[in-house]
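Novice: Dropping a prediction and its sequence here:
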Amino acid sequence: MKIQVVLSGYGTVGREFIKLLNEKYSYIYETYGIQLVVSGVLGRNIAIHNEEGLSLNHLLMYGGGTAAIEKYLEYHPKERAITSISGTVLVESTVTNLKDGNPGKQYMKQAIEKQMDIVAISKGALVTNWREINEAARGANVRIRYSGATAAALPTLDIGQFSLAGCSIEKIEGILNGTTNYILTKMYEEDMTFEEALKEAQNKGIAETNPCPST
């Protein structure tokens, strides 16, 4: 069984997803009989597409972001996407936008129109437009999964929805903001300034370039 994955957003998180998928490809196929093929990547004003699968090793060589996609196209010019990309599932990993949810909202709506299931890593579109997106997905019989956008990407929601199905969850406790927790821990344990801790978090890909929504 082949599943065509389209990734929107090729920043730090998106690139790590591609890296992990590339490393686990053989294991997933041998264990589950599923070929997870990355057929498209959507960057800022640029996209690449190949129904048979992009060359992930080449893409990973060039780093992340729009520059990496442009470099990839220098060697794979026929894979430049002229029209909108279709596939089996959209992995939404654009920068979180808590004002209107775009461009994630736009990508999700396009995926629903094409009856693509959605895995959300970015939370912006869901936070700002949850009802609209959820109703559209239900109407199109599209599944949305978003554990990757909550609880530091731990499978917390999956455990509640599936592993504990039928149970009564009485209380949930946790750190609701992983970025702030990291910064405060560094400030407390290592006597860092806020600016130093934030910079380290950004260098490690924990905090986004614009840290305001998380801090």
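Specialist: That came in fine, so what should we check first? On a predicted model such as this, the values are computed, not experimentally measured, just so you know.

Novice: Domain boundaries for this structure, per the record?
Specialist: Domain ranges of the chain: 2-163, 175-215, per automatic domain parsing.

Novice: Would you mind finding the most buried of those?
Specialist: The highest average neighbour count among the domains of the chain, using mean count of other Cβ atoms under 10 Å, belongs to domain 2-163 at a mean of 17. All C-beta atoms are positioned from the backbone trio N, CA, C, and that covers glycine.

Novice: Was I right to think residue 125 contacts residue 98?
Specialist: No. Counting by Cβ atoms under 8 Å, residue 125 sits too far from residue 98 to count as a contact (9.9 Å).

Novice: which helices and strands sit right next to the longest strand seen in the chain?
Specialist: When the chain is parsed with DSSP state E, its longest strand is strand 35-43. Here strand 35-43 touches strand 2-8, helix 12-32, strand 46-49, helix 65-75, going by 3 or more Cβ pairs under 8 Å, 6 or more residues apart in numbering; DSSP states H and E.

Novice: Need the ones you listed in CSV (columns: distance to residue 164).
Specialist: Below are the helices and strands packed on strand 35-43 laid out as CSV (distance: least, Cβ to Cβ, whole Å):
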stretch, distance to residue 164
strand 2-8, 27
helix 12-32, 23
strand 46-49, 39
helix 65-75, 38
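
Novice: tell me the mean pLDDT over the longest strand of the chain?
Specialist: Mean pLDDT, computed over strand 35-43, is 95.

Novice: what's the answer for stretch 111-124, then?
Specialist: 95.

Novice: cool, stretch 186-199 as well?
Specialist: 93.

Novice: And it, end to end?
Specialist: 11 Å (Cα to Cα, to the nearest Å).

Novice: from the chain's centre, how far out does stretch 174-187 sit?
Specialist: 21 Å (Cα atoms, centre = their mean, to the nearest Å).

Novice: What lies in contact with that stretch?
Specialist: When contacts are defined by Cβ atoms under 8 Å, 6 or more residues apart in numbering, stretch 174-187 is touched by residues 151-152, 156, 192-194, 196-198, 200-201, 206-207, 211, 214-215.
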